[in-house]
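**Student:** I'll drop the sequence and a predicted model, then ask my questions.
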Amino acid sequence: SPPRPGQDREAWLKALRTYREMVRAGGAAGMIQLNFDGVRTWTRLSLEASRDLALQPGDRVEARIEARWRQGNGEICAAFDRVDGSSGAWVGWTGVLASADTPRDDAWHTHTLRLEVPATELQNVLFRPIFGLDATHNATPGVVDIRDIALAKVAVPRRRDVPVAFPESAQGAEENQRPRGVYERAFPPLDRSSYDRPDLAWARGMFTCHFTFMYDRAFYDPERGYLVEAFLDDGAREFGGYDAVVLWQGYPRLGIDERNQFDMYRDMPGGMAGLHDMVRRFHARGVKVFIDYNPWDIGTRRPEKPDVDMLAELVAALDADGIFLDTLSAASPSLRAKVDAVRPGVVIAPEIHPPIDQLGVLNLSWAQWLNDPRPPGMLHLKWIEPRHLQHQIRRWHSSHREEIEIAFFNGSGMLVWENIFGSYNPWTEEDRALWRRCAPILRAFRANFTSDAWDPYYPTLQEGLYAHRWPAKTNSWDLPVVFTLRRVGEPVAGDAPAISIPASARQCPMGRRFRCLICGQRSPRGLNAMAPMAP
């Protein structure tokens, strides 16, 4: 989210950049400040790590936390969230089960908290460890810094787990009480080398991707075959052109017989030779092609090789450019290695929002159903690595206006998906026209929208108007600088100025000229005279 009203923007921006540097460099997880206002403030173990712990009633957990008192209440509490094991939705919590008071001396202290998972009548429940301050235990406001949280599941006699690793605090304990499976939240350096690879650089320009249901009669005709050129002509006319397509072949047919997802590509009209020629025709128009992978396809005929090998073979046979990971948020290093061995330059993209440490493997990802805070937020993964491109998608919405605004404001992309496995949900004419105006701008200024010089939430002169400033390669005004603006609420009437640039910048050649890239209107007086945009 942007700086709060009255918050010093420079301090906010410095903290934001420090966070990015910390994530990229790795090391300790950094510090979390628990600013307790007398209601609640918690930090939670990730859902992924909570699933790994697989806590059950009766299990015991030891938590080791470094904390530093800042003011007021310094009592750190421990509890469990109860989460639905399938959806990850919160269904309640246990209440405070353990606590430790932090000495009031501004030094770092280590707390060891031991708690037992309570019984529950809920089915398929996941217990998620949480730490913080809560009014149900102590409502006195306070501020505490915490860092280096370590968790260990303690084996109990009834389970006789074999200890794998345990913290020093457990040395000398009875064999059946040693903690099993220590979870340290320390980040390794973020591997960003894939973004420096010339063969993968194309991914950062894929602003419009089409989800292509291969049985759609607009794409395949039984008499004429694959209608690649007519399909792309329609995309250019309606959406400003496609940069990439995802060729979806399986669901909802998977499971109707013994054929697996790879068989279904082979069984498409024309077989593998026909598909290869179809991919060639896409390439002739400058469009990249993704194949689809369904990890949940486990009840059909098993392929003769592991899935990663089958995917690599399919990529090589079709000259595919990417692999779309349906229902997944991550890719294994083995998949990256297998694909690199048969066809360099292949991009891997997941459906589910990936964790930060997957940025080194995944150059693209979907931003599916992401909540956009009010006032409008910025894309987290893009801030960490601006060259990582995400596609906004809310497939069942009748209006895509908000998705387009989010994508354009963040210099990111859109997924066009109208035939949803046979259910037709077309874009409106208004949405199509809006994206036709946005997509060429994103493509033309790709260097701006993928630069580390991104200057988020540039100050504006109107309430409810937000701006990102996108310099090209440097944080200067000597090269073209792009602003994306987004309004929350009603537009301001008249010609009230929207943003201002420093007097020194106005002396630069680029600072003396301004053009609205949406409407083409020039402003001879520069940025200060920009007319307000429509909401």
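**Tutor:** Yep, it's here.
**Student:** measure the residue nearest to Ala135 when sequence neighbours are not counted to Arg70 for me?
**Tutor:** Using C-beta to C-beta, 6 or more residues apart in numbering and skipping the chain neighbours, the partner closest in space to Ala135 is Val39 (5.5 Å). For glycine as for every other residue, the C-beta is placed from the backbone atoms N, C-alpha and C. Look at Val39 and Arg70: by C-beta to C-beta, to the nearest Å, they are 18 Å apart.
**Student:** do the same with Pro118
**Tutor:** Taken as C-beta to C-beta, the span from Pro118 to Arg70 is 31 Å.
**Student:** tell me which of Val39 and Arg70 has more neighbours.
**Tutor:** The neighbour comparison of Val39 against Arg70 (other C-beta atoms under 10 Å) goes to Arg70, with 16 against 11.
**Student:** residues contacting the more buried one?
**Tutor:** Taking C-beta atoms under 8 Å, 6 or more residues apart in numbering, we find Arg70 in contact with Gln33, Asp106, Gly142, Val143, Val144, Asp145.
**Student:** please redo it, this time with the cut-off set to 10 Å
**Tutor:** Residues in contact with Arg70 (C-beta atoms under 10 Å, 6 or more residues apart in numbering) are Gln33, Leu34, Asn35, Thr102, Arg104, Asp106, Gly142, Val143, Val144, Asp145.
**Student:** same question for Leu115.
**Tutor:** Taking C-beta under 10 Å, 6+ apart as the criterion, Leu115 is in contact with 59-63, 77-80, 94, 96-99, 129, 154.
**Student:** buried among those? Make that a PyMOL selection.
**Tutor:** If you want just the buried ones from the contacts of Leu115 in PyMOL, going by 16 or more other C-beta atoms under 10 Å, the selection is:
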select buried, resi 59+60+61+62+63+77+78+79+80+94+96+97+98+99+129+154
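**Student:** put together TSV for the contacts of Arg70, with neighbour count on each row.
**Tutor:** Shown next, in TSV, are the contacts of Arg70 (neighbours: other C-beta atoms under 10 Å):
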residue	neighbour count
Gln33	14
Leu34	22
Asn35	13
Thr102	23
Arg104	12
Asp106	9
Gly142	21
Val143	18
Val144	24
Asp145	18
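**Student:** can I get the residues you listed in TSV including distance to Ala472, secondary structure and pLDDT?
**Tutor:** Output for the contacts of Arg70, formatted as TSV (distance: C-beta to C-beta, whole Å; DSSP: H, G, I helix; E, B strand; the rest coil; pLDDT from 0 to 100):
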residue	distance to Ala472	secondary structure	pLDDT
Gln33	35	strand	87
Leu34	40	strand	91
Asn35	38	strand	90
Thr102	47	coil	96
Arg104	50	coil	94
Asp106	44	coil	80
Gly142	46	strand	95
Val143	41	strand	93
Val144	43	strand	94
Asp145	38	strand	91
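**Student:** list the buried residues of stretch 274-294.
**Tutor:** Applying 16+ other C-beta under 10 Å to stretch 274-294 flags 275, 278-279, 281-282, 287-294 as buried.
**Student:** centre of the chain to it, how far?
**Tutor:** On the basis of C-alpha atoms, centre = their mean, to the nearest Å, stretch 274-294 is displaced by 26 Å from the centre of the chain it belongs to.
**Student:** and if you look at stretch 344-359?
**Tutor:** Its chain's average C-alpha position is 9 Å from that of stretch 344-359, according to C-alpha atoms, centre = their mean.
**Student:** so which bits of it are buried?
**Tutor:** For stretch 344-359, a neighbour-count test (16+ other C-beta under 10 Å) marks Gly345, Val346, Val347, Ile348, Ala349, Pro350, Glu351, His353, Pro354, Gln358, Leu359 as buried.
**Student:** one step back: among the contacts of Leu115, which lie within helices?
**Tutor:** Among those, DSSP state H puts none in helices.
**Student:** closest one of the contacts of Leu115 to Ala201?
**Tutor:** Taking C-beta to C-beta as the measure, Ala201 sits nearest to Pro129 out of the contacts of Leu115, at 40.9 Å.
**Student:** can you pull the pLDDT of that closest one?
**Tutor:** Pro129 carries a pLDDT value of 95.
**Student:** any idea how far Arg40 is from it?
**Tutor:** For Pro129, the distance to Arg40 (C-beta to C-beta) stands at 16 Å.
**Student:** list the contacts of Arg395.
**Tutor:** Arg395 makes contacts with Phe211, Gln368, Trp369, Leu415, Trp417, Glu418, Ile420, Phe421, Ser423, Asn425, as judged by C-beta under 10 Å, 6+ apart.
**Student:** could you report the neighbour count for the last one?
**Tutor:** By the measure other C-beta under 10 Å, the count of residues near Asn425 is 13.
**Student:** show the pLDDT at it.
**Tutor:** Asn425 carries a pLDDT value of 98.
**Student:** ok, it touching Trp396?
**Tutor:** Yes. Using C-beta atoms under 10 Å, Asn425 is in contact with Trp396, at 6.4 Å.
**Student:** between the two ends of stretch 415-433, how far is it?
**Tutor:** Distance across stretch 415-433, first residue to last, is 15 Å (C-alpha to C-alpha, to the nearest Å).
**Student:** give the buried residues for it.
**Tutor:** Leu415, Val416, Trp417, Glu418, Asn419, Trp427, Asp431, Arg432.
**Student:** for the strand or helix carrying the first one, name the packing helices and strands.
**Tutor:** So that's Leu415. Following DSSP states H and E, one finds Leu415 within strand 413-416. Strand 413-416 sits against strand 208-213, helix 228-239, strand 244-248, strand 364-368, strand 389-393, helix 401-409, helix 429-444, with contacts defined as 3 or more C-beta pairs under 10 Å, 6 or more residues apart in numbering; DSSP states H and E.
**Student:** give me that answer again for 6 Å
**Tutor:** When contacts are defined as 3 or more C-beta pairs under 6 Å, 6 or more residues apart in numbering; DSSP states H and E, strand 413-416 packs onto strand 208-213, strand 389-393.
**Student:** partners of that strand in the sheet?
**Tutor:** Sheet partners assigned to strand 413-416 using DSSP bridges are listed as strand 208-213 (parallel), strand 389-393 (parallel).
**Student:** neighbours of the nearest residue to Arg9 once chain neighbours are set aside, just the number please.
**Tutor:** Computed as C-beta to C-beta, 6+ apart, the closest residue to Arg9 that is not its neighbour in sequence is Pro3, at 4.9 Å. By other C-beta under 10 Å, 18 other residues sit near Pro3.
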